[in-house]
Structure formats: C-alpha cells, structure tokens
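S.K.: structural data only, the sequence is not supplied:
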C-alpha cells in the first residue's frame, strides 16, 4: 500500500506513457485506473483556471504550445515581481526629480524612466505574442472563447489601446526629461496607471475604478451641493455684506463679495471655519446665527450624510455586481478547464489528472496539499471529481491545512511528540484553560491599567517612585501566566493569536524594564518608559466585546491595504499637479525681517501669524506646501483631515495671486473627502456589519464555523506520506485535517442567498450553450 501511495505522489516517468495510477479511497478500499493524457491538455486547463483567478478575458487564451509556455512565463511570480519592481521604480522617480529634497540629474532620472518604459513596452509585446500578435492584442473580437461577443470585446480593445498609449506616454516623458528639463513633467501623472496595471496591484486598481465610477454616480449630488452653497452664498451676501469693513484683513472679509461668500460657505460645509465665519455677523445682529445653524443642519447633517448613503448604496451594488461577475467567470473557467482535462470516456477527474493540473497551476505545490485538496473536492469519495465538485476549486486550493489534533487524537493527546503527557501537566492544561484563570488574569490586567495611568500621573520628570516600582509585581504575574500557559498548552500556546500578542507584549515589556533600570533617565530609558505603555493594549482581551471588535478590526485591516494603496495613488496624482502649480511658491516669512517680501506682507496681512516661521510667534504653515513630494503628501493629508485647510488654501491663493487656485483645493476635497473617504467608510461598515455577528466562532459545532471550514479525513497509509514517522497521529486509522476559508468569507456570508440563484442561472445558461453547440 505504501508503494502505491508513493507512486501516487511522485512525478510520472516521461517515457512511461502507459503508466497507471492507483489512488486509495480508503484503507483497503477501491482503486481507479487512469491513463496519462497529453500534458498540453493539463497546461491549457491550468491556464483557464489562472484566467478565472485573475478575471482575465478568455479572448486572450493561448492556443499553441509556444503561446502556452509564454503565458506561463508572463504569469509566473518571478516575472510579476520584476514587473512590480520596474513599476515601483518608475513611481519612485518623483522623489528624485525637481522639486525634491535629493534631486538627481535629468540624465539619471530620464534614463531610469526610459528603461522602465522600454521594459513595459516589451511586456506588452510579450502579451501580444501570447494571442498571436499586435492585431489580435488590440482587436480581440475574433479570438476564441469570447465571453461576451459585444461589450467585453470592445471594452478589452479600449483597455489594450489605453495600455499602449500609457507606455508610449512614459517613453515620451523620459525623452522630454532627457532633452528638455530636469523638473517633474505632466507625463508623471500617468505613472500610477502603469503600477496599477500590474497583476500584483489588482486590488488597488479595482478600488480606483470604483472611485471613478462613484464619482460619476454622485456627480449630480455634487452639483446639488454646489448649488446649495451658491444659493446660500447669494443670500449671505445680501444679509451680511454690510458687516465687513474694507480695512479688515481679507480673511476676515467673509461676505464682502459673492465669491468670498461662496468660498467661506464651502469651507463651512467642512466645519473648518466655524464659528469664526459667523462672529462678525453675530456681533452685528443676535439673530444672524439662525442662518448659519440652518445652513449647517442642511449641509452637514443632511446633504453630506446623503452623500454617504449614495456612496454606500453604490458601493454595495457595485460589489455585488463585481462579485457576481467574478463568481460566474470563475465557474466558466472551471468548466473549460474540466472539459479540456477530461476525455469523453472518463467519468470524472482522477487524482492523477488533478495533480497534473494543480502542478501547472501552482508550481511549488506540495504533495500534501494535492491530496488534501482533492479529498476536499471529492465529496462523493469515489476517487473522481465531477464538474459540480470541481466548481469548488477556487474555494479549496488556497486553504492552509492543519492537522486537527483534537479530533484525531482526543483532548489528552494534543502534544504531538509521540509521548503521553503526565497527569500533572494534563491538570495544568485544564487549569490554564479554565474560567478562573481567565477571570484572574482579566482582573490583573485591569489593575495594571489603573497603575499605569497612576504612574503616568504621579511619575513626573522620569523620577522613580513606589508606584513605578510596584509595576515589577505585574511583570512577575504576567511572566508567571505565560510560563504556566506555555507548559500547560505546549505548542498550542503559540497557535492562538491572542497568546502570541500577549507573549510579544510581555517579552518586550520585560526587556524594556531591564533597559530602563540600567540606562535610567537617558533618552533610551525615556523611550523604554513610553513603549511600556503599550501594555495597555492587553485590555482588549479583558472583555468579550473588546475581544470581538479587535478581532474584526484585525481581520479588516489587511483587506484595507488595497484602499490605502489606491489613496496613495490619488495623493500621487494631486501631488504632481500641486508641485507643478505651487512648488516653491510659498516663501519663508519672518515677522522680524526689516523688509519682508510683498508675498510675506500679504500673508501676514491676511493670515496673521499662520505663515510666520519664528519660533514662539508663528504657526509654521509655510511647511504646508508643495515644495517636494514629502511636503506634498503631508499637505494633502492635512487637507483631507479638513482642519484649518482654508488657511492653506488662502496662503497658496495669495502666493499665486490667483483666485483660480482655489479650484484645485475644491476638487481635491470633493474627490478625497466626499468620494474616497466615503468608499472606505462604506467598506468598513459593510465588512463590520457582516463580520461582527458572523465572525468565525471558536465553537466547532456552530453553523458559522461549519460554513467557513473544510474538513478532510485521510487513512493512515496516505497521511504517512507527508507526516513524520513518529507522529502520534499515525497511531490512528482516521486522520483529520481542517482549514478555514478567510479570503472571501465576507462576500460569501453577505451574498450567500444570492449565490444560490447565480448558480442556478449559470447552470441554465451552460445547459443552453451545450445544447446549441451540440445541435
């Protein structure tokens, strides 16, 4: 039996085309015989699966062996990594082009940009060769496996033409930099598009596409908002224009013109200038606050929240449509892969066929994953995969399988060294997992929080006192807790995320205590004291609500990475425009200068000490500039937070002596705050709403756990192929492996009722297509 399973998991002999595979379906069970097929069929099947994974149109499916090999090379991780390195290098040029802190010569930056442009042009050439040349690449309407004969082909044609023009734009920008200027050029605006077109940045690309679609979706709401501000500006001008005096600074003349009224009321929507904008009118008439209160209620608490509702509804609708399209596209990819890998006389995919497909799909896949994934798909346990079983391919292949020691060995044998635990250790295990241990540690954590707060209040100037010394008691208790749990739980201690977090906090705090006691009041010791306050984070595990919310946040944060990258790309776009418009325009002004420049005089007159760089006098707003990319990103973040953003806007307006400069800041606000921020809020609300009540429970009997988990039972002789010989699990005939699906859990939970309808719809469409092709 061992020899047969070894044969199962080894590579077939290339010369032995008649070799057969005997697959065990249970100890002493049945076997299935399967002749090896042409390897190209398996390669083509794996390519279909990759196209389904990346939502690639089937118009670009390679048809010859040379095209298939080229496709595998272009879609290999090595090539994707090289592509990402070139893309990030291209994007990073902004840090070394004038204006920059560390500017390089135009020969260096231009050469790097030219090299990146040539690489991406060559990359497009490779993709064109995969489908038969540039004509087929740019006009794929006649390609086979067309998923949508009309809309999809025209859309793909437009995308490929845009890709070509983007690369040509990069090459043009490189030539302009080499020949003409060493400063940043408008061609830098297209660099983020190159990065987003790479496979590794698919998530941020979809987010940016959603931002653009959302912007067009809410454009009429934006028009309504601007119209509301305009009408209110005319009304405020009629009501309060007589209040302003010509000898007042420009920033205090809020309503002397309709233009100033519009600008100040637009800022008032963000609440950044309230109540300053109201005070002159209030001093003149005690009834004037009524106007501002009504304006803020309608604008802030009604219109802006309607914006959020619009974006949230649009986000949910688009996510549902996108998930449905991806879901159906992957089902079609699975059908095509299944049909190509299966001969007409076969009753289903055998382990041998699945192994060949999986190895082409993922080159470094292990024998253990092949067996476990096949067993997870083979619901009928007959050694063959039907099409309905193979539809779950994408749900299974990325699972992280682990031996379920509790189910396999029982509660007393989770330490997998092959030796039984002594009774005292079993008793200790029960104690550290009990409620009394949990309650005691939670009380200690709460007391520790109280002492940390007390220490911070009374421990002034870094002096040590009895309160600080008493913290050693908590160190000892936490170290004792960790030691007891490590001994009592064994390796299982480090399998729990909260235990790993506690261990990190405890070891870091202990190390910092030693540093603090040895170094003392030096800056290192002060830093150790500050870092020690992170022990407060342990309070998040003291209550079930804290713990649940923290787990949901930890689950959401990695998924928000694509939103963060997309936001950085938006920043990049506005930073380039900002540096071209405002770079070097804000001077360093000092109120102590005998003869300040005209711009400084205007800044002092309009904004007072905001742009004064003297310490103790000014507020240093001259640093909120676009003099380089780092300053630009800081300024854009400040503008997105909308705290005193009107000061930055007015300062740049004065520096340029143009009221049109305000348009830049208005557009940035509408895109980042109204659209981008609301999309992020919509994602967080959507995800939190689903996950807070549907988080994977630790109770393995719960319906939620069963919905997101996979379980595979292997006979001992099969598991022996990849478990150590002295493994305690091999003492049992039935060895259980489990895995949790986490990647798509949010949408599977959110759309679980719709998925059933989509499957019926897809099955009907597939049957109709089969009937039409057969007739």
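M.R.: Right, received. Where do you want to start? Quick caveat: nothing in here was measured; it's all calculated off a predicted structure.
S.K.: any buried residues in the helix or strand harbouring residue 718, and which?
M.R.: When elements are assigned from DSSP states H and E, residue 718 belongs to helix 716-719. Of all the residues in helix 716-719, those buried under the rule 16 or more other Cβ atoms under 10 Å are 716, 717, 718, 719. The C-beta positions use only the backbone N, C-alpha and C, and glycine is treated the same way.
S.K.: spatially nearest residue to the first one, not counting backbone neighbours?
M.R.: Distances taken as Cβ to Cβ, 6 or more residues apart in numbering place residue 733 nearest to residue 716, at 5.3 Å, with adjacent residues excluded.
S.K.: residue boundaries of the helices in the stretch 351-500 of the chain?
M.R.: Using DSSP state H, counting those that start in this stretch, the helices of the stretch 351-500 of the chain run over 351-361, 367-377, 387-390, 393-396, 405-409, 423-432, 435-458, 466-469, 471-489, 497-519.
S.K.: export the ones you listed to a markdown table and tack on distance to residue 739?
M.R.: What follows is the helices of the stretch 351-500 of the chain, written out as a markdown table (distance: least, Cβ to Cβ, whole Å):
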| stretch | distance to residue 739 |
| --- | --- |
| helix 351-361 | 16 |
| helix 367-377 | 8 |
| helix 387-390 | 17 |
| helix 393-396 | 8 |
| helix 405-409 | 13 |
| helix 423-432 | 25 |
| helix 435-458 | 27 |
| helix 466-469 | 47 |
| helix 471-489 | 21 |
| helix 497-519 | 16 |
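S.K.: of the ones you listed, which is nearest residue 575?
M.R.: helix 497-519 (35.8 Å; Cβ to Cβ).
S.K.: what mean pLDDT does the closest one have?
M.R.: In this model, helix 497-519 has a mean pLDDT of 75.
S.K.: what do you get for stretch 740-760?
M.R.: 74.
S.K.: go on, stretch 85-100?
M.R.: On average, stretch 85-100 scores 89.
S.K.: measure the residue lying closest to residue 441 once chain neighbours are set aside to residue 497 for me?
M.R.: Closest residue in space to residue 441, ignoring its immediate chain neighbours: residue 481 at 5.7 Å, by Cβ to Cβ, 6+ apart. Noted for residue 481: a distance of 16 Å to residue 497, by Cβ to Cβ, to the nearest Å.
S.K.: which one's more surrounded, those two?
M.R.: Legend: neighbour count by other Cβ atoms under 10 Å for residue 481 and residue 497, higher for residue 481 (18 against 11).
S.K.: that one: what's it in contact with?
M.R.: 441, 444, 502 (Cβ atoms under 8 Å, 6 or more residues apart in numbering).
S.K.: now the residues you listed in CSV, with neighbour count and distance to residue 678?
M.R.: CSV is the format used below for the contacts of residue 481 (neighbours: other Cβ atoms under 10 Å; distance: Cβ to Cβ, whole Å):
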residue, neighbour count, distance to residue 678
441, 19, 41
444, 17, 42
502, 21, 37
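S.K.: what is the nearest of the residues you listed to residue 112?
M.R.: Nearest to residue 112 among these, with distances taken as Cβ to Cβ, is residue 502, at 46.5 Å.
S.K.: residue 366 versus the closest one, what's the distance?
M.R.: From residue 502 to residue 366 the distance is 32 Å (Cβ to Cβ).
S.K.: do residue 571 as well
M.R.: Taken as Cβ to Cβ, the span from residue 571 to residue 366 is 41 Å.
S.K.: more neighbours, the two?
M.R.: residue 571 (22 against 12).
S.K.: show the pLDDT at the more buried one.
M.R.: With respect to pLDDT, residue 571 has a value of 94.
S.K.: which elements pack onto the helix or strand harbouring it?
M.R.: Element membership of residue 571 [criterion: DSSP H and E] is helix 561-582. Using 3 or more Cβ pairs under 8 Å, 6 or more residues apart in numbering; DSSP states H and E as the contact test, the elements touching helix 561-582 are helix 191-196, helix 202-217, helix 629-641, helix 645-656, helix 662-668, helix 677-694.
S.K.: for these, which one sits closest to residue 607?
M.R.: helix 645-656 (6.1 Å).
S.K.: show the average pLDDT along the closest one.
M.R.: 92.
S.K.: what's the helix holding residue 718 packed up against?
M.R.: Here helix 716-719 touches helix 2-9, strand 734-740, going by 3+ Cβ pairs under 8 Å, 6+ apart.
S.K.: what count of nearby residues applies to residue 287?
M.R.: 9.
S.K.: can you check residue 382 too?
M.R.: Close neighbours of residue 382, defined as other Cβ under 10 Å, add up to 14.
S.K.: residue 218 touches residue 314, doesn't it?
M.R.: Yes. At 7.4 Å, residue 218 and residue 314 qualify as touching, with contact defined as Cβ atoms under 8 Å.
S.K.: residues in contact with residue 187?
M.R.: Here residue 187 is in contact with 169, 170, 172, 173, 176 (Cβ under 8 Å, 6+ apart).
S.K.: same check, this time on residue 754
M.R.: Shown in contact with residue 754 (Cβ under 8 Å, 6+ apart): 320, 324.
S.K.: check which helix or strand it maps to.
M.R.: helix 752-774.
S.K.: in that helix, what's buried?
M.R.: For helix 752-774, by 16+ other Cβ under 10 Å, it's residue 762.
S.K.: repeat for stretch 576-596
M.R.: For stretch 576-596, using 16+ other Cβ under 10 Å, the buried residues are 576-580, 582-583, 585-587, 589-590, 596.
S.K.: which residues touch the spatially most central residue of the chain?
M.R.: Centroid-nearest residue in the chain, with Cα atoms, centre = their mean: residue 561, separated by 2.4 Å. Contact analysis of residue 561 by Cβ under 8 Å, 6+ apart lists residue 203.
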